[in-house]
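A.B. asks: Dropping the sequence and predicted coords here.
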Amino acid sequence: MERPESLTNILMSAYNRMLQHFGPRHWWPADSPLEVIVGAILTQNTAWTNVEKAIENIKSAGALSIKKLLETPVECLAAWVRPSGYFNLKARRLQAAIRFIAETYEGDLEKMARVPLSALRKQLLGVYGIGEETADSILLYALGKPVFVVDAYTRRILTRHHLTGQKTTYGEIQQLFMSALPKEVPLFNEYHALIVETGKTFCRRTPLCSDCPLSGWHVSLAGVVLESS
DNA sequence: CACCAGGCAAGTA
DNA sequence: TACTTGCATGGT
């Protein structure tokens, strides 16, 4: 049996395999920090292609700014974001996020980005419609904070490779990565993007794992060597 | 036709 | 605290 690998080696090996396979993802797919925030809310449990249509509607209306969105009635927001699903819900969530930025930071995302990570994360989690994944996506991809984003794909891939159980919490999975990896924004950025790409391509709910960059990925942790499925 | 997608909050026990 | 349910469009 091989010598047990450290968690750091396991996670970096997975990262290198995914990077080798897909190349850099250049995330988040958006033209501005505000567009990242809007996209983070609209993509909740929704395919990104649908989010693109919704964002295009907002752009076509010339409304992709804090000032414009702030004065847009919620019914109008709902009409624009309709293609992304849950449109009544997401219109309210969008409005709540925009109001928070306007009221707390005078609509200035650069001012917002100067607040320390942990304090900012708590603030975001207090906003209606912003949970852990959305908060972390905003922190990392819109504000440049070194935090690891955990999503359904992250969970699914780790579970399939026996690195975590089904009931592992968001925070535990986040700690798994953040305790083992250097806390660098470019690494966290690329790592999560690669997980999403790998998940979309090879690890959907209906399994389709052949040729996955992680197939045959030997995981040895705590002296127990497992074979990925 | 059924199932799924880069969650979240509110309700229930 | 830990589970369940509603929310909704568009692609496969």
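C.D. replies: Noted; the coordinates are in hand.
A.B. asks: in terms of contact, does A:Leu7 touch A:Phe177 like I think?
C.D. replies: No - using C-beta atoms under 8 Å, A:Leu7 makes no contact with A:Phe177, being 9.1 Å away. C-beta here means a position set from N, CA and C on the backbone, and glycine is covered the same way.
A.B. asks: Looking at those two now, which is surrounded by more residues?
C.D. replies: A:Phe177 (22 against 16; other C-beta atoms under 10 Å).
A.B. asks: residues near the nearest residue in space to the more buried one that is not next to it in sequence, how many?
C.D. replies: Distance criterion C-beta to C-beta, 6 or more residues apart in numbering; nearest residue to A:Phe177, sequence neighbours excluded, is A:Phe148 at 4.3 Å. Other residues within reach of A:Phe148, judged by other C-beta under 10 Å, total 21.
A.B. asks: Around DNA strand C, pick out the residues from chain A.
C.D. replies: Within reach of DNA strand C by C-beta under 7 Å from any atom of the strand, chain A has these residues: A:45-47, A:49-50, A:53, A:82-83, A:85-90, A:167.
A.B. asks: Pick the one among the residues you listed closest to A:Gly199.
C.D. replies: A:Ala47 (12.5 Å; C-beta to C-beta).
A.B. asks: That closest one - how many residues pack around it?
C.D. replies: 11.
A.B. asks: repeat for the one 5 residues further on
C.D. replies: Counted with other C-beta under 10 Å, the neighbours of A:Glu52 add up to 16.
A.B. asks: Quick check: the gap between it and A:Ser60.
C.D. replies: 12 Å (C-beta to C-beta, to the nearest Å).
A.B. asks: So for the helix or strand containing A:Arg99, mean pLDDT?
C.D. replies: Following DSSP states H and E, one finds A:Arg99 within helix A:87-105. For helix A:87-105, mean pLDDT is 98.
A.B. asks: try stretch A:25-33
C.D. replies: So the average pLDDT for stretch A:25-33 ends up being 97.
A.B. asks: how about that stretch, does it get close to DNA strand B?
C.D. replies: Yes - residues of stretch A:25-33 contacting DNA strand B under C-beta under 7 Å from any atom of the strand: A:27-29.
A.B. asks: picking that back up, most surrounded residue in the residues of chain A next to DNA strand C?
C.D. replies: A:Lys90 (25 neighbours).
A.B. asks: Counting neighbours, what do you get for the closest residue to DNA strand B within chain A?
C.D. replies: Residue nearest to DNA strand B within chain A: A:Gly131 (2.3 Å; C-beta to the nearest atom of the strand). Burial of A:Gly131 is recorded as 12 neighbouring residues (other C-beta under 10 Å).
A.B. asks: all strands of chain A, in order?
C.D. replies: A:218-221, A:224-227 (DSSP state E).
A.B. asks: which of these has the lowest average pLDDT?
C.D. replies: Minimum mean pLDDT among those: strand A:224-227, a mean of 40.
A.B. asks: Skipping its backbone neighbours, what lies nearest A:Thr154 in space?
C.D. replies: Looking at A:Thr154 with C-beta to C-beta, 6+ apart, the closest residue is A:Ile195, at 5.2 Å.
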